[in-house]
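In: Provided below are the primary sequence and the corresponding predicted coordinates.
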Amino acid sequence: MNSSLIGKIEKAHRYAQERHRISLSSFSAEFHGENGDYVLGYDERHWRCSCETFARTRLCSHTMAMEKILGEMLPRGTLTLDPARV
Ligand SMILES: [Zn+2]
């Protein structure tokens, strides 16, 4: 393995610990909840989820769980669990 590749691998390990460098803009995922499977997504700072609770309240345990997992990789202004908003 050449030194250039070794340097890139070392940088990747460091970047993986520095999540503040990443800002997610959109994604979709399947969420396997206790009561069923749901499709959730995030796009342009807005969540969506296929569950009934989200349809009623625009907030659900699935999107809140994803916020906890993704944390600082989501733009702060959109976090429903953001301490500044609670
Ligand atoms: Zn949901």
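Out: Structure received. Residues are numbered from 1 along each chain as shown.
In: number of nearby residues for S4?
Out: Using other Cβ atoms under 10 Å, the number of residues around S4 comes to 8. Quick note: C-beta positions are derived from backbone N, CA and C, even for glycine.
In: please renumber the chain so that the first residue is 807 from this point on.
Out: I'll keep to 807 as the first residue from here, and by that count the last item is S810.
In: helices of this structure, start to end?
Out: For the chain, the helices defined by DSSP state H occupy 809-823, 858-863, 867-876.
In: per-residue pLDDT of the residue nearest the centre of the chain, please?
Out: In the chain, the centroid-proximal residue (Cα atoms, centre = their mean) is L876; its distance is 3.7 Å. On pLDDT, L876 comes in at 92.
In: what's the nearest residue to it if we skip its chain neighbours?
Out: Among residues not flanking L876 along the chain, L830 sits closest, at 6.5 Å (Cβ to Cβ, 6 or more residues apart in numbering).
In: hang on, that neighbour packs against G847?
Out: No. Counting by Cβ atoms under 8 Å, L830 stays clear of G847, with 11.1 Å between them.
In: who's more crowded, the two?
Out: Per other Cβ under 10 Å, whichever of L830 and G847 has more neighbours is G847, with 15 against 12.
In: so what pairs up with that one in the strands?
Out: Applying DSSP bridges to G847 gives these bridge partners: S834, R854.
In: was I right to think it contacts F833?
Out: Yes. Under the criterion of Cβ under 8 Å, G847 makes contact with F833 at 6.7 Å.
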